[in-house]
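# Need coordinates for the following:
(one chain, ligands or ions: 2)
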Amino acid sequence: MKYISTRGQAPVLGFEEVLLTGLATDGGLYVPETLPHYSLEEIRSWRELPYDELAYKIIQPFVAEFIDGDELRAMLKDTYAGFAHKAVVPVQQIDHNEYVMELFHGPTLAFKDFALQLLGRLLDHALQKRGEKAVIMGATSGDTGSAAIEGCRRCNNIDIFILHPHQRVSEVQRRQMTTVLGDNIFNLAVEGNFDDCQRMVKESFSDQSFLRGERRLVAVNSINWARIMAQIVYYFYAALNLGAPDRKMAFSVPTGNFGDIFAGYLAMQMGLPIDQLVIATNKNDVLHRVMSQNQYEALPLEHTLSPSMDIVVSSNFERLLFDLYDRDGAAIAQLMKDMASGQATLDVAKLDKARIVFDSACVDDDETCATIRQVHAETGYLLDPHTAIGVHAARATRRDMRVPMITLGTAHPVKFAEAVQKSGLESPALPHHLADLLSRAERYDVLPNDRNTVHAYMVERVFG
Ligand SMILES: Cc1ncc(COP(=O)(O)O)c(C=O)c1O
Ligand SMILES: N[C@@H](CCOP(=O)(O)O)C(=O)O
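Ligands and ions are numbered 1, 2, ... in the order given. Presented below is the predicted three-dimensional model:
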């Protein structure tokens, strides 16, 4: 499998290089040159597979030249054996033909574990093989950070730097990162918002000279293709468990960086019958405004009760645009330039193509809390605020009541006590492995929103 950049000017790479890269050299994102496509018959034959074996079926073609099949199989078994639920992705019914796909049974209680538990193992494999060391630099609005630390902390060849917006992640999220005290783990609380952190990370990938050519920078954010690849699997898994491919499915996806929903779009391109994909945003609704009004305008970031989705510049939207624009790299490069200037409109025919399957909705904090309350009152089930946004958007945009609607349950409510309490409910207890989280020692440094200061900090820790 070969990978190409969305902006058409970077070298074509194999999986190993893509895994060890952040942005393409032309500023674009890597995507597979061609996607595997499966017949309904073949997809139907996967119904009985446990999660790790289904993951093997889906992931193997993307990584075939990188890792031997048996090694991959063992790696996937090991990766998902660490999840706290035997099914890995249990599906919970919350109403007639309406479900939540629970993606929070991994070690850090959010969907990020699905990809980052695997990414850590893939990176270890690649770096050991090459005898190289690497520096991870990631930006987090709360969940990627802890999942990346948890996934990579045992890798001998890696130093890991995670930037989070100071005082803008929940206490549980912060502590899940800052209480992991390994010598190779560094948490930076940046005096800015998530977009500032993400911008700094992307700029660092574009110019890595601060690492003196002695280390490569590796991405743990969803700009790394391996993240998206691993997230495709659970769309197939949940759908197969509810009767696919003999029934179509609809998915509602709480969305920020557009990585998770893009994985769903790819599942559809690979043959999974999907009727509808709902882009569910909080008040940071640039994607909803593009989809509903063809208006891309990067308004200032707002802080909400769903902090993990407090994102304005949504990285993976570029990957969708690349497909919508018939994989025309030059057109995407121009469009991304327009978007970076703060305002853009899409070609109407291209947008209409997206609207065949995508719907969108923006959900504010009051609606989020009302949904948490309502679902709890009706079923006793407690949603986290991000998932609640997904459920609200699903109900607001549903096209066909006969099609099962599956909202992605992207995080466990225990991570977001403020939203749960504002909904008038009690926050659940932390699970056993995190029971003493609130009393563990923390280590992190507060840094100004300044790239040179961050680079100097990293250089000091990497080279002494
Ligand atoms: C809990 C939670 N829900 C939803 C999202 C949005 O996912 P994506 O950025 O892939 O759109 C995130 C962060 O990315 C998250 O942490
Ligand atoms: N919500 C994310 C933000 C980063 O998104 P990513 O999927 O690109 O890593 C987080 O919780 O950190």
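
# strand partners of the helix or strand bottoming out on mean pLDDT in the chain, parallel vs antiparallel please.
Within the chain, no helix or strand scores below strand 343-344, which has a mean of 91 by mean pLDDT, DSSP states H and E. Note on strand 343-344: by DSSP bridges, its sheet partners are strand 296-297 (antiparallel).

# Which elements pack onto the very next helix or strand once past the partner strand?
Once the chain leaves strand 296-297, the next helix or strand it forms, by DSSP states H and E, is helix 317-324. Counting contacts by 3 or more CB pairs under 8 Å, 6 or more residues apart in numbering; DSSP states H and E, helix 317-324 is packed against helix 259-269, helix 329-340, helix 348-355. To be clear about C-beta, it is placed using only N, CA and C from the backbone, and glycine gets the same treatment.

# I'd like the ones you listed laid out as CSV, including distance to residue 183 and mean neighbour count.
Shown next, in CSV, are the helices and strands packed on helix 317-324 (distance: least, CB to CB, whole Å; neighbours: other CB atoms under 10 Å):
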stretch, distance to residue 183, mean neighbour count
helix 259-269, 30, 24
helix 329-340, 37, 17
helix 348-355, 46, 14
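
# and those as CSV, adding mean pLDDT and distance to residue 322?
Converted to CSV, the helices and strands packed on helix 317-324 look like this (pLDDT from 0 to 100; distance: least, CB to CB, whole Å):
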stretch, mean pLDDT, distance to residue 322
helix 259-269, 98, 10
helix 329-340, 97, 5
helix 348-355, 98, 11
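
# what's the closest of these to residue 409?
Among the helices and strands packed on helix 317-324, helix 259-269 comes nearest to residue 409, with 11.4 Å by CB to CB.

# Would you mind pulling the contact partners of that closest one?
Outside helix 259-269, the residues that touch it by CB atoms under 8 Å, 6 or more residues apart in numbering are 35, 37, 111, 222, 227-229, 231-232, 235-236, 239, 251, 253-255, 274, 277, 279, 315-316, 319-320, 323, 357, 408, 410.

# Which ones, among these, also lie beside ligand 2?
Filtering these for proximity to ligand 2 by CB under 6 Å from any ligand atom leaves 222, 315.

# Buried among the contacts of helix 259-269? Make that a ChimeraX selection.
Applied in ChimeraX, the following selects the buried portion of these according to 16 or more other CB atoms under 10 Å:
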select :35,111,222,227,228,229,231,232,235,236,239,251,253,254,255,274,277,279,315,316,319,320,323,357,408,410
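
# Could you list which of the contacts of helix 259-269 belong to helices?
Among the contacts of helix 259-269, the members falling in helices (DSSP state H) are 227-229, 231-232, 235-236, 239, 319-320, 323.

# Tell me the residues of this structure that contact ligand 2?
Close to ligand 2, as judged by CB under 6 Å from any ligand atom, the chain has residues 140-145, 221-222, 256-257, 259, 308, 315.

# From those residues, pick the one nearest residue 370.
residue 308 (19.7 Å).

# Wait, that closest one touches residue 419, no?
No. Counting by CB atoms under 8 Å, residue 308 stays clear of residue 419, with 11.0 Å between them.

# the more surrounded of those two?
The neighbour comparison of residue 308 against residue 419 (other CB atoms under 10 Å) goes to residue 308, with 29 against 25.

# Just want the residue of the stretch 1-150 of the chain that's nearest ligand 1.
Closest to ligand 1 within the stretch 1-150 of the chain is residue 143: 3.4 Å, counting by CB to the nearest ligand atom.

# tally of neighbours for that residue?
That count, for residue 143 with other CB under 10 Å as the rule, works out to 29.

# Kindly report the same for residue 132.
The burial count for residue 132: 13, using other CB under 10 Å.

# How about it: what's its closest non-neighbour residue?
With sequence-adjacent residues excluded and distances taken as CB to CB, 6 or more residues apart in numbering, residue 132 is closest to residue 157, at 6.5 Å.

# Give me the distance between that neighbour and residue 410.
For residue 157, the distance to residue 410 equals 30 Å [CB to CB, to the nearest Å].

# now residue 70
Distance of residue 70 to residue 410, computed by CB to CB: 32 Å.

# next one: residue 347
Noted for residue 347: a distance of 31 Å to residue 410, by CB to CB.

# just residue 44 next, same as before
Per CB to CB, residue 44 is found 28 Å from residue 410.

# for residue 364, same thing?
Per CB to CB, residue 364 is found 18 Å from residue 410.

# Likewise for residue 309?
Taking CB to CB, one finds residue 309 at 9 Å from residue 410.

# Secondary structure class of residue 74, three-state.
Following DSSP: H, G, I helix; E, B strand; the rest coil, the label given to residue 74 is helix.

# now swap in residue 89 and tell me
The three-state label given to residue 89 by three-state DSSP is coil.

# And for residue 154?
Applying three-state DSSP to residue 154 yields a three-state assignment of coil.

# so what's it closest to, chain neighbours aside?
Closest residue to residue 154 apart from its sequence neighbours, by CB to CB, 6+ apart: residue 120 at 7.3 Å.

# what's that neighbour in contact with, if anything?
Residues in contact with residue 120, defined by CB under 8 Å, 6+ apart, are 148, 150-155.

# Closest to ligand 2 out of those residues?
Closest approach between the contacts of residue 120 and ligand 2, by CB to the nearest ligand atom: residue 148, at 7.9 Å.

# Apart from its neighbours in sequence, what residue is nearest that closest one?
Closest residue to residue 148 apart from its sequence neighbours, by CB to CB, 6+ apart: residue 220 at 3.9 Å.

# Specify the local secondary structure of that neighbour.
coil.

# Residue 448 versus that one, what's the distance?
According to CB to CB, residue 220 and residue 448 sit 23 Å apart.

# higher neighbour count, those two?
A count of neighbours by other CB under 10 Å puts residue 220 above the other of residue 220 and residue 448, at 31 against 12.

# Before I go, just wanted to say thanks for your time.
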